[in-house]
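Asker: Sequence first, predicted coordinates after that:
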Amino acid sequence: MFADVAAFMKGLMLGSVSCVLMSFLAGGLYKTTPQLLYTNHISHRHIQLPSNVELKGGPHLTPPRLLCLVLTKPKNIRQWGATRTTWAPHCDKTIFYSPENAKVFESVVIPEGANSWSMLRSALLHAHDHDIDNFEWFVVCDDSTFVVVENLKYFALGKDPEVPYFLGRVQREEELDFVIASAGMLMSRGTLRRFKIASDDPKICSNSASAIGFWLRSQSPSKLLASCLKNMKVHAQNAEDSSGRSLFNDATVQDLVKRTMSEQGQSSSKGNVIEGCCSDLAITFGNVPANQMHVLMFGVYRLRSFGHTYNDLLEFHPVPTAKND
């Protein structure tokens, strides 16, 4: 009998210790910010916003010139219209690319654009051939991505555009880091130059006209681009703020808030949902419907909180085409 009691007490003590240990470990896990849980914060390469120390003084504070490349289709006329009238005018120049000609909007026609990889590849080559010397940075996105251009320029500020930067929201699959297309992809002039070299050599960067065209059509354009650039020693880097929160988002604000509430559970009632959801200096939101683009435009550029001031060390004046803020 005493042996049974002793065994019972021993089991009870071991169970209690295990419970305490598991609670401790769980507590440590949930102290991680929701954004890091969501971003699958792997040990990939990452780069952050410039610090205040980096911003103080120096001739490097000239706002970088940005070319925005938007991939669209004639059937997405509402998305094209929303993009054209909201954030696109804030770019120094915006070019729309479409697989076929459309009378309702101006675009560069890419006949082989039905293949999404050919569409992306041709758009990048067109930008290189026509504007490589006119801009330092190039952002590529589809017509459902909303870009806060001023935050993007702030992120690029002080970075040498001849250095090969390939930035966005990074995901890893089978040892390949690639940038999620729906969140937008940012590359420096140095990267675009290297992509041009890679695209001219099928051993480095295959194209849809090759013998493995069928295989290419089944692959993600994001992965194919990352693979090409990796062969040129250019690696995808996750763009983050000082807290490690991603600046490029592949979802709407509404979806990001929902995800954060789901990850935080009951702690979401403590008022830290927005802080955990998104960076204050977020650059993009993805999969945004046309009507929500106008909502974002109002929130980003029009809505003001009376009496609230910001201590930014510098400001970017809108480009002449940005008459909607």
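Answerer: Noted; the coordinates are in hand.
Asker: Tell me where the model's unsure across this protein.
Answerer: Applying pLDDT under 70 to the chain flags residues 1-61, 113-114, 207-218, 265-271, 273-274, 308-325.
Asker: now the strands for the stretch 1-150 of the chain?
Answerer: 46-48, 66-71, 93-98, 108-109, 137-142, 146-147 (DSSP state E, counting those that start in this stretch).
Asker: Distance to Pro202 and mean neighbour count for the ones you listed - can I get that in TSV?
Answerer: In this view, the C-beta of every residue, glycine as well, is placed from N, C-alpha and C. Conversion of the strands of the stretch 1-150 of the chain to TSV gives the following (distance: least, Cβ to Cβ, whole Å; neighbours: other Cβ atoms under 10 Å):
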stretch	distance to Pro202	mean neighbour count
strand 46-48	31	15
strand 66-71	23	24
strand 93-98	23	20
strand 108-109	24	14
strand 137-142	22	24
strand 146-147	32	26
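Asker: Of those, which is nearest Ala183?
Answerer: strand 137-142 (8.0 Å; Cβ to Cβ).
Asker: residues making contact with the closest one?
Answerer: For strand 137-142, the surrounding residues in contact (Cβ atoms under 8 Å, 6 or more residues apart in numbering) are 64-72, 91, 120, 123-124, 127, 147, 152-153, 156, 161, 181-182, 184-189, 192, 284.
Asker: Quick check: the gap between Pro63 and Gln254.
Answerer: Distance of Pro63 to Gln254, given as Cβ to Cβ, to the nearest Å: 31 Å.
Asker: repeat for Ser220
Answerer: Taking Cβ to Cβ, one finds Ser220 at 25 Å from Gln254.
Asker: Could you do Leu167 as well?
Answerer: From Leu167 to Gln254 the distance is 25 Å (Cβ to Cβ).
Asker: More neighbours: those two, which one.
Answerer: Leu167 (29 against 13; other Cβ atoms under 10 Å).
Asker: hang on, the more buried one is in a strand, isn't it?
Answerer: Yes. Judged by DSSP: H, G, I helix; E, B strand; the rest coil, Leu167 forms part of a strand.
Asker: give me the beta-bridge partners of it?
Answerer: Leu186, Gln237 (DSSP bridges).
Asker: Next: Tyr97.
Answerer: Bridge pairing for Tyr97 - DSSP bridges - gives Leu71, Val108.
Asker: Relative to Ala290, how far out is Val104?
Answerer: 14 Å.
Asker: Report the contact partners of Val108.
Answerer: Contacts of Val108 (Cβ under 8 Å, 6+ apart): 95-98, 123, 126.
Asker: ok, now how distant is it from Pro74?
Answerer: 13 Å.
Asker: what do those two both touch?
Answerer: With Cβ under 8 Å, 6+ apart as the test, Val108 and Pro74 both reach Ser98.
Asker: Make sure Ala198 is indeed in a helix.
Answerer: Yes. Per three-state DSSP, Ala198 lies within a helix segment.
Asker: does it really touch Ser227, like I thought?
Answerer: No. Assessed by Cβ atoms under 8 Å, Ala198 is found out of contact with Ser227, at 9.6 Å.
Asker: hey, what's in contact with both of those two?
Answerer: Cys205.
Asker: So for the two, which residue has more residues nearby?
Answerer: Using other Cβ under 10 Å, the more surrounded residue of Ala198 and Ser227 is Ala198, with 21 against 17.
Asker: Could you pull up the contacting residues of the closest residue to Val300 other than its chain neighbours?
Answerer: Nearest residue to Val300, sequence neighbours excluded (Cβ to Cβ, 6 or more residues apart in numbering): Val148, at 5.9 Å. Residues near Val148 by Cβ under 8 Å, 6+ apart: 87, 282-284, 300.
Asker: Quick one: neighbours of Asn291, just the number.
Answerer: 9.
Asker: what helix or strand is it on?
Answerer: In this structure, Asn291 sits in helix 290-297 according to DSSP states H and E.
Asker: helices or strands up against that helix?
Answerer: helix 77-85, strand 146-147 (3 or more Cβ pairs under 8 Å, 6 or more residues apart in numbering; DSSP states H and E).
Asker: Using CSV, list the CA coordinates for that helix.
Answerer: What follows is helix 290-297, C-alpha atoms only, in CSV (Å, rounded to 0.1, in the frame of the first residue of the first chain):
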residue,chain,number,x,y,z
ALA,A,290,-10.5,48.5,-55.5
ASN,A,291,-12.9,50.1,-53.0
GLN,A,292,-10.5,49.4,-50.2
MET,A,293,-7.7,51.2,-52.0
HIS,A,294,-9.7,54.4,-51.7
VAL,A,295,-10.3,53.7,-48.0
LEU,A,296,-6.5,53.2,-47.5
MET,A,297,-5.9,56.4,-49.5
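Asker: List the buried residues for that helix?
Answerer: Buried residues in helix 290-297, defined by neighbour count with 16 or more other Cβ atoms under 10 Å: 290, 292-293, 295-297.
Asker: what do you get for stretch 177-194?
Answerer: Here stretch 177-194 shows 177-194 as buried, counting by 16+ other Cβ under 10 Å.
Asker: Just to be sure, which of those are found in helices?
Answerer: Secondary structure from DSSP state H places 189-194 of these in helices.
Asker: Alright, calling it a day.
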